[in-house]
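A.B. asks: Sequence and predicted structure below; questions after.
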Amino acid sequence: MHLVTAKVQLSPNVTRLDLEASRIAEIRQPGQFVIVRLGNGAERIPLTIADADPARGTIALVIQAVGKSTRDLVALEVGDSILDISGPLGHPTEMISSGRAICVGGGVGTAVVHPIAHGLHQRGVEVISIIGGRSREWVIFEEELRRLGQVIVCTDDGSYGRQGFVTDATREVLEAGGVDIVYAVGPVPMMRAVANLTRPFGVRTIVSLNPVMVDGTGMCGGCRVDIGGQTKFACVDGPEFDGHLVDFDLLAERLGTYREFEQQASAACEAGSCRVGLARPDPSSPAKP
Ligand SMILES: Cc1cc2nc3c(=O)[nH]c(=O)nc-3n(C[C@H](O)[C@H](O)[C@H](O)COP(=O)(O)OP(=O)(O)OC[C@H]3O[C@@H](n4cnc5c(N)ncnc54)[C@H](O)[C@@H]3O)c2cc1C
Ligand code: FES
C-alpha cells in the first residue's frame, strides 16, 4: 500500500500525486518509471517518476487523465492509497557530463523531461528547456525548470510565452549553434517532429517512448518498438531511444491497438464506474511504504 501524501492540480487535466514509496525514492534515476496498479482488478499502467524526495520517502507521479485508469488515479485524495507500485523500471537517461542540452517537453511530457533536466544540471550541463502547451493554463513545471536554466515557453494560442510550437523555438536554438544533445518527451507527433528537425543538424536526440506496457519486465512483448530495424522492448531496453532511429509510424499504429476497448472503458467510467477496487488504508494498520 502506498499512501497519497500530497495532491496538486497542475493543469486542467494533469495532476501531481506524491506517494509513499521509500525504496523507489532512494534508488530511482532520471528517465525511469514505475508500473502502478490502483487496486484489485485495476489495470497496470506505466508512469514516469517525475520527482522523488528520499528524505520523506516519497515519489511524485504526474498524471494526465486520458482514460479510465488515469482518471481513477487522479480521483485519489490525500490519505487514499495505491495497492502496488513496481519499479524503478527502465534504463536511466543517457546523460552528457558537460556542454549544452535542450530539453523539449510537450504537455505531460514536460513532467518527464524535468528529472532529465535536473540530472543534467547536477552534472554541470547548461540546460535550455523548451516547453509547450495549448494555452497558459496547460503549461506545467515551468518554475521547477527555471531553477535549472533558461526556459522558453511556447503556447499554441500565444496566451503565454511565445506563440507557436516547441519545434519553432528548438530550431532557433539549434541554428544559434553549440547544442550537444536534445531530449524530447511528449506526444508522438511532437517527438517525431523534433527528431526530424535535429537530424540535418547532426545533433544526438533522445526520445522517451510511450508504447502500451503490460508487465514491464520484457515478458509480454506489448511494448515492442522498432529502433533502426531492430525490435526492442521499451520497458527493458528503453524507454529512451535514439530519436533518429525510431519507427514512429509503427509506434503510432500500435498505440491505437486497443482504442475500441479504451473507449468502452472510458464510456463506462463516465457512466460512474471509475475507481475500481480502490485501496484505502486500514486505519488500524498504517500503510507501509
Ligand atoms: C514508460 C512510460 C511512461 C509514461 N509516463 C507517463 C506519465 O508520467 N504521465 C502520464 O500521464 N502518462 C504517462 N504514460 C502514459 C500512460 O501510461 C497512459 O496514458 C495510461 O496508461 C493510459 O491509461 P488509461 O486507462 O487512463 O487510458 P486508456 O483509455 O486505456 O488509453 C489512452 C491511451 O493511453 C495509452 N495507453 C493505454 N494503456 C496503456 C498502458 N498500459 N501502457 C502505456 N500506454 C497505455 C494508449 O495510447 C491509449 O490510446 C507513460 C507511458 C509509458 C510507456
Ligand atoms: S511491457 Fe511487456 S515486454 Fe515490455
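C.D. replies: Nice, thanks for sending it over. Ligands and ions are numbered 1, 2, ... in the order given.

A.B. asks: what's the burial count for the closest residue to Ile27 other than its chain neighbours?
C.D. replies: Of all residues not flanking Ile27 in the chain, Pro88 sits nearest, at 6.4 Å (Cβ to Cβ, 6 or more residues apart in numbering). Just so you know, the C-beta spots here come from the backbone N, C-alpha and C atoms, and that holds for glycine as well. Pro88 has 22 neighbours, counted by other Cβ atoms under 10 Å.

A.B. asks: ok, now which ones touch Pro88?
C.D. replies: Ile24, Ile27, Arg28, Gln29, Gln32, Phe33, Val34, Ile49 (Cβ atoms under 8 Å, 6 or more residues apart in numbering).

A.B. asks: Kindly confirm my reading that the fourth one is in a strand.
C.D. replies: No - the assignment for Gln29 (DSSP: H, G, I helix; E, B strand; the rest coil) gives coil, which keeps it out of a strand.

A.B. asks: ok, now which ones touch it?
C.D. replies: Pro88, Pro92, Thr93, Gly119.

A.B. asks: which bits of the stretch 101-250 of the chain sit near ligand 1?
C.D. replies: Contact residues, the stretch 101-250 of the chain versus ligand 1 (Cβ under 6 Å from any ligand atom): Val108, Ala111, Val112, Asn210, Pro211, Val212, Met213, Pro239.

A.B. asks: wait, the third one sits on Tyr183?
C.D. replies: Read that as Val112. No - between Val112 and Tyr183 there is no contact under Cβ atoms under 8 Å: 9.3 Å.

A.B. asks: Give me the common contacts of those two.
C.D. replies: Ser208.

A.B. asks: Now the stretch 51-200 of the chain against ligand 1: closest residue?
C.D. replies: Closest to ligand 1 within the stretch 51-200 of the chain is Gly67: 2.1 Å, counting by Cβ to the nearest ligand atom.

A.B. asks: The stretch 51-200 of the chain: strands as residue ranges?
C.D. replies: 58-64, 81-82, 84-89, 100-106, 126-133, 149-155, 162-163, 181-185 (DSSP state E, counting those that start in this stretch).

A.B. asks: Same list, those, but as TSV with mean pLDDT please.
C.D. replies: Shown next, in TSV, are the strands of the stretch 51-200 of the chain (pLDDT from 0 to 100):
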stretch	mean pLDDT
strand 58-64	96
strand 81-82	95
strand 84-89	95
strand 100-106	96
strand 126-133	95
strand 149-155	96
strand 162-163	94
strand 181-185	97
